[in-house]
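1. coords please:
(one chain, ligands or ions: 1)
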Amino acid sequence: MKKVLVLEDESSIRGFIVINLRRAGYEVIEAESGEEALEKLAEHRDVRVALLDIMLPGIDGFEVCRRIRAGNSRIGIIMLTARSQEMDKVTGLMTGADDYVTKPFSPAELTARVDALMRRSGGAEEENDGCIRLAPFVLNTRNRTLEKNGQRVKLTQVEYSIIHMFMENPGKALSREEILDLVWGRDYFGELKIVDVNIRRLRLKIEDNPTNPTYITTVWGYGYKWGA
Ligand code: CA
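-> Numbers count the residues shown, from 1 in each chain. So this is what the prediction gives:
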């Protein structure tokens, strides 16, 4: 069964999330503190998506996200943000989250986001079971890994999806809307800036000089493309 971890200290909100995810067919692991969430993730290595509240009594959700990412780049992470805290979104994404949901959210919105991340993290059949080679990169679509000059680059699932899309379309300018549709899915409710934030983070990992990118280049007023 597909496992989701829910970290939320307010029991009424946690209960609401848990009930709705169970209804949608997920097995749910609950945690009320960041420390407990990390322990449970160590126990349940097959959790594929984690929902992390930010304001918590012990370590906060950003720190939990950072620690999860330090050891696991494959798990999907969704931050639960408060409407009043716009900056949470960007901070969360910079600490390695894949997505965020703003409270209060509807059950439909929440499960749509979890479903979308699940699909991406979920060993869905790739049509191409080999490697895409664009020197100095080799993208292995079977085990979803990237190497640059033979060195493994650790990517989140979203980052992997972005680079996969670029390497399948080298030299083609892709609009931010297209990237959002291709990577996050057409049922995604979020904003375009999530594309820019993820590309900024990806550039830090793959570019020789992230301030002067040569692999993922900007197409001004439009979007991005692979190559100059
Ligand atoms: Ca809280």
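
2. Those residues of this protein touching the ion, which are they?
-> 9, 53, 55 (Cβ under 5 Å from the ion). To be clear about C-beta, it is placed using only N, CA and C from the backbone, and glycine gets the same treatment.

3. Out of these, who's the most crowded?
-> Counting neighbours by other Cβ atoms under 10 Å, D53 comes out on top of these with 26 neighbours.

4. OK, contacts around the closest residue to T111 other than its chain neighbours?
-> Closest residue to T111 apart from its sequence neighbours, by Cβ to Cβ, 6 or more residues apart in numbering: A24 at 4.3 Å. By Cβ atoms under 8 Å, 6 or more residues apart in numbering, the contact set of A24 is 111, 114-115.

5. Same question for T156.
-> 69, 73, 77, 96, 98.

6. 10 Å - rerun?
-> By Cβ atoms under 10 Å, 6 or more residues apart in numbering, T156 lies in contact with 69, 72-77, 93, 96-98, 120-121, 162, 198, 201-202, 205.

7. again, but for Y26
-> 1-4, 6, 18, 20, 48-49, 111, 114-115, 118.

8. So how do I select the buried members of those in PyMOL?
-> The following PyMOL line selects those of those that are buried, judged by 16 or more other Cβ atoms under 10 Å:
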select buried, resi 2+3+4+6+18+20+48+49+111+114+115+118
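
9. Could you tell me which of the contacts of Y26 belong to strands?
-> Here DSSP state E is the test, and the contacts of Y26 give 3-4, 6, 48-49 as lying in strands.

10. hmm, back to that, just the buried ones from the contacts of T156, in PyMOL syntax?
-> To isolate the buried subset of the contacts of T156 in PyMOL, counting by 16+ other Cβ under 10 Å, use the following:
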select buried, resi 69+72+73+75+76+77+93+96+97+98+120+121+162+198+201+202
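
11. quick check, nearest of the residues of the chain next to the ion to E35?
-> Here the nearest of those to E35, counting by Cβ to Cβ, is D9; it sits at 11.4 Å.
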